[in-house]
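Visitor: Would you be able to build a 3D model of this:
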Amino acid sequence: MKRVSLAFLTLLATLWGAGMAQAECEGIYNHQFKTLQDEDFNLCDYRDQPILLVNTASKCGFTPQFEKLESMYRKYRDKGFVVIGFPSNDFKQELASNKEIGEFCRKTYSVDFPMMSQTSVVGPDANPLYRQLAEITQEPPMWNFYKYLILPGEDEIHVFSSDVDPESHRVMKRLKPHLK
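Guide: Now for the predicted structure:
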């Protein structure tokens, strides 16, 4: 009888804990993806830190921004900051496969920040996160390297167009107060 009760209590605790974890990840953080390496990635794991989301493309005039995005990531990751890349061919400037994208990013720009598998970020085929970002900010990506800075707790989401340098004063003045 005690084993059944203990098992039942364990099941309840597990279900309750799963429910709590899901409740904590509502809103913008309730999204899961696959990385370029086909690994699971849960945005919820980053809900307590500033996140810079960027739709990327390997053959764009803004592609050199990878260097500054990686620099920011390396400089501030120990302070709770993460850059997350979303390769997209929506503007017809991305390589054909996740493997090619990954190799290009690693070999050309030494990208170490998380890169998701190729996805759509605009229009009816946009992934759910980007549809939600467009709805919240009223500004879907207009081109590659559009940036969304999500501050901890989803209190603020700032949008920066492709031509805004990732390390610009406009970005950094929003980011720095939220670094640990």
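Visitor: residues in contact with residue 117?
Guide: Contacts for residue 117 were tallied using CB atoms under 8 Å, 6 or more residues apart in numbering; they are 33-36, 38, 87, 98. The C-beta positions use only the backbone N, C-alpha and C, and glycine is treated the same way.
Visitor: Check residue 86 too.
Guide: Per CB under 8 Å, 6+ apart, neighbours of residue 86: 53-56, 115-116, 119, 121, 127, 130.
Visitor: which SSE is residue 70 in?
Guide: helix 65-76 (DSSP states H and E).
Visitor: neighbour-wise, which of the contacts of residue 86 leads?
Guide: Most neighbours among the contacts of residue 86, by other CB atoms under 10 Å: residue 55, with 28 neighbours.
Visitor: Report the spatially closest residue to it, excluding sequence-adjacent ones.
Guide: residue 121 (4.4 Å; CB to CB, 6 or more residues apart in numbering).
Visitor: pretty sure residue 90 is in contact with residue 123, am I right?
Guide: Yes - counting by CB atoms under 8 Å, residue 90 does reach residue 123; the two are 7.1 Å apart.
Visitor: Below-threshold pLDDT in this structure: ranges please.
Guide: Across the chain, the ranges flagged by pLDDT under 70 are 1-23, 154.
Visitor: can you tell me which residue is nearest the centre of it?
Guide: residue 84 (3.8 Å; CA atoms, centre = their mean).
Visitor: re earlier: in contact with the residue nearest to residue 55, which residues?
Guide: 55, 86, 88, 90, 127, 130, 140-141, 146.
Visitor: Confirm that it sits in a helix.
Guide: No - when DSSP: H, G, I helix; E, B strand; the rest coil is applied, residue 121 is found to be coil, with no helix at that position.
Visitor: heads up, I number from 2, so please use that
Guide: Yep, numbering from 2; the last one is residue 122 now.
Visitor: Look up phi and psi at it.
Guide: Backbone torsions of residue 122, given as degrees, to the nearest 10, read phi -120, psi 0.
Visitor: same thing with residue 64?
Guide: With angles defined as degrees, to the nearest 10, residue 64 sits at phi -50, psi -30.
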